[in-house]
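Trainee: I'd like to go over a predicted model; first the sequence, then the structure.
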Amino acid sequence: MKSTTSPKEIWQLYNEQGLPLVEQGAFKHDIFSNGLLHGAAHVWLWRAKNGSAEILLQKRAAGKQTWPNKYDISAAGHINLGEDPLAAAIRETKEEIGLDISQSDLRLFSLQRANLMADNGYIENEFQWLYLLETTNEQAFNLQATEVAYLEWKTLLGFKRETLENKLKGRYVPHGDNYFSTVITAVETVLTSAS
């Protein structure tokens, strides 16, 4: 009997050095339930506005299994078996927010190691490839309703206050202070070098 599961639902497994295990993957439920080491691509969209920067946040859909209704990365997703992080970043940006991008649009700024426990007991044990993508005010988005409730532009200062300094951090997926500081520093660095 043939399996009804498509190959894209199998996620790539990694070793502790961040290298993909050749032809080794697992299904989402097994990965989350057993804390298997996997990978994710995170794409942070930003734009220059009035001499400062704004970051695009995604509000996760209410039906998400992990962190529903929380603010999160502009577009992100897990790396499929045999896929590299850059290809996953491009694919997820198209799937989640309807934006066609190419490799040259993305700037890798960090590789993070995360181990988060969700409210439902799922374990996010993963390497995270973080990319910046500069966009314009005129950008149109087409949201994947099962993943994204809506998008919201937040000033860099407001994002910094909410994720690092005050009690509104509970509105966000708990990536941690180091993660959010890394994102903020990357945007500040690019903005400074562009001016």
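Mentor: The structure has been received and is ready for your questions.

Trainee: Asp177 is in contact with Leu164, isn't it?
Mentor: Yes - at 5.8 Å, Asp177 and Leu164 qualify as touching, with contact defined as C-beta atoms under 8 Å. No exception for glycine: its C-beta is placed from N, CA and C like everyone else's.

Trainee: Flag every buried residue along stretch 83-97.
Mentor: Glu83, Pro85, Leu86, Ala88, Ala89, Ile90, Arg91, Glu92, Thr93, Glu96, Ile97 (16 or more other C-beta atoms under 10 Å).

Trainee: what's in contact with it?
Mentor: Residues from elsewhere that reach stretch 83-97, judged by C-beta atoms under 8 Å, 6 or more residues apart in numbering: 12, 39-43, 58, 74-80, 99-103, 106, 108, 129, 131, 133, 141-144, 147-148, 151.

Trainee: what's the answer for stretch 154-164, then?
Mentor: Contacts of stretch 154-164 from elsewhere in the structure, counted by C-beta under 8 Å, 6+ apart, are 46, 52-57, 168-169, 171-172, 177, 180-181, 184, 187-188, 191.

Trainee: ends of that stretch, how far apart?
Mentor: End-to-end distance for stretch 154-164: 14 Å, by C-alpha to C-alpha, to the nearest Å.

Trainee: What of stretch 73-81?
Mentor: Stretch 73-81 stretches 22 Å from its first residue to its last (C-alpha to C-alpha).
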